[in-house]
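> here is a sequence together with a model predicted from it:
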Amino acid sequence: MFIATLIASDRIEAGDISTAADRLAAAGLRAGDPAWIEPGIACDLGFDGDPAAARAALEGAFAGVDVVVQAATGRRRRMLVADMDSTMITIECIDELADYAGIKPQIADITERAMRGELDFEGALDARVALLAGLDAAVIDRCHAERVVIMAGARELVRTMRANGADCYLVSGGFTLFADRVAAEIGFTRALSNVLEFADGKLSGTVARPIVGAETKRRTLLDEAAAHGLLPDQCLAVGDGANDIPMIQAAGLGVAYHAKPKTAAAAGARIDHGDLTALLYAQGYARKDWVI
């Protein structure tokens with residue numbers, strides 16, 4: 001048995017749910033009665049049949065509505081592994097640091113290409129950080145204070161999952177001086193990210209080894225799951241860039257969040273319209289169950 005959860009960024013009507021059931025039937029899938037998680041916002045449609053066929057029938061069929069298809073059993077995940085930049089926060093930190101250095105367009109272009117999977121992540125990170133050599137260390141704190149904004153729904157997602165027994169890990173290709181503070185503010189169990197190197201109070205233009213990249217993200221999910229006696233199927237992973245694909249594909253529920261095309265195509269679920277609370281609805285949490 002599978003569940004298709006329809007999650008509206010604004011509102012979804014009973015008629016839309018009926019249409020969704022009809023679309024499942026037309027795809028040869030037998031749908032059960034709808035079950036509202038949150039009236040007008042999120043609704044489950046249980047069905048028997050091919051989950052890939054259900055995704056094809058429902059994704060993009062309703063304006064402003066995300067669809068998450070998964071097995072009915074085990075939908076409440078026991079672990080979360082999340083990306084930071086453009087996932088748990090609204091910015092790419094390295095691009096904003098570059099703005100203080102007056103070279104944002106140059107660095108943002110490399111970031112975009114790396115996140116699309118057009119450039120090797122480690123090489124692109126080294127190239128961007130090298131361009132920041134000489135930037136005063138005090139700019140880090142200024143950038144955090146002035147530019148970092150927590151993504152809508154991030155606190156609710158992490159705090160609700162942790163209150164229900166899940167461990168939550170922030171694993172970022174960004175930098176500890178941002179990630180550690182973001183993790184503490186949101187409520188993550190632990191953060192893992194890259195370490196910028198300094199000389200005489202300025203960025204040296206280098207990153208300490210080893211680099212936290214795609215393989216580190218995947219291995220963190222697998223290793224932490226094993227350490228907690230969990231299967232990868234019991235885990236949720238979310239990110240937006242190409243370096244998130246391995247962890248997304250390793251998780252039982254791997255989600256591309258407002259993601260680059262390559263990441264969206266590789267993920268088992270996409271959130272294109274809503275905020276991160278969509279991942280609470282996908283796990284069956286109504287608003288009354290959220291921890292703020």
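The structure has been received and is ready for your questions.

> quick one, phi psi at the residue located most distally from the centre of the chain?
For the chain, the largest distance from the centre (Cα atoms, centre = their mean) belongs to residue 200, which lies 35.9 Å off. Dihedral angles of residue 200 (phi, psi; degrees, to the nearest 10) stand at phi 50, psi 40.

> do you know how far it is from residue 134?
Between residue 200 and residue 134 the distance is 10 Å, computed by Cβ to Cβ, to the nearest Å. C-beta coordinates here come from the backbone N, C-alpha and C atoms, glycine included.

> try residue 173
The value you get for residue 173 to residue 134, if Cβ to Cβ is used, is 22 Å.

> more neighbours: which of the two?
A side-by-side neighbour count of residue 173 and residue 134, using other Cβ atoms under 10 Å, places residue 173 first with 28 against 12.

> doesn't the more buried one lie inside a strand?
Yes. The assignment for residue 173 is a strand, going by DSSP: H, G, I helix; E, B strand; the rest coil.

> got the contact list for it?
83, 85, 121, 125, 193-194, 211-213, 217, 241, 243 (Cβ atoms under 8 Å, 6 or more residues apart in numbering).

> residue 142 now?
By Cβ under 8 Å, 6+ apart, the neighbours of residue 142 are residue 100.

> which element is it on?
helix 138-147 (DSSP states H and E).

> got the buried residues for the helix or strand that that helix is followed by?
Downstream of helix 138-147, the first helix or strand assigned by DSSP H and E is helix 154-163. Buried residues in helix 154-163, counting neighbours by 16 or more other Cβ atoms under 10 Å, are found at 154-162.

> next: stretch 2-20.
2-9, 12, 16-17, 20.

> and of those residues, the nearest to residue 97?
residue 9 (30.9 Å; Cβ to Cβ).

> isn't the closest one up against residue 274?
Yes. With contacts counted by Cβ atoms under 8 Å, residue 9 reaches residue 274, the gap being 4.5 Å.

> shared neighbours of the two, anything?
In contact with both residue 9 and residue 274: residue 66, using Cβ under 8 Å, 6+ apart.

> give me every residue that touches the nearest residue to residue 153 once chain neighbours are set aside.
Distances taken as Cβ to Cβ, 6 or more residues apart in numbering place residue 276 nearest to residue 153, at 3.2 Å, with adjacent residues excluded. Counting by Cβ under 8 Å, 6+ apart, residue 276 touches 88, 151-154, 156-157, 238, 257.

> do you know the pLDDT at residue 276?
We have a pLDDT of 99 for residue 276.

> am I right that it falls within a strand?
No. Counting by three-state DSSP, residue 276 is not part of a strand but coil.
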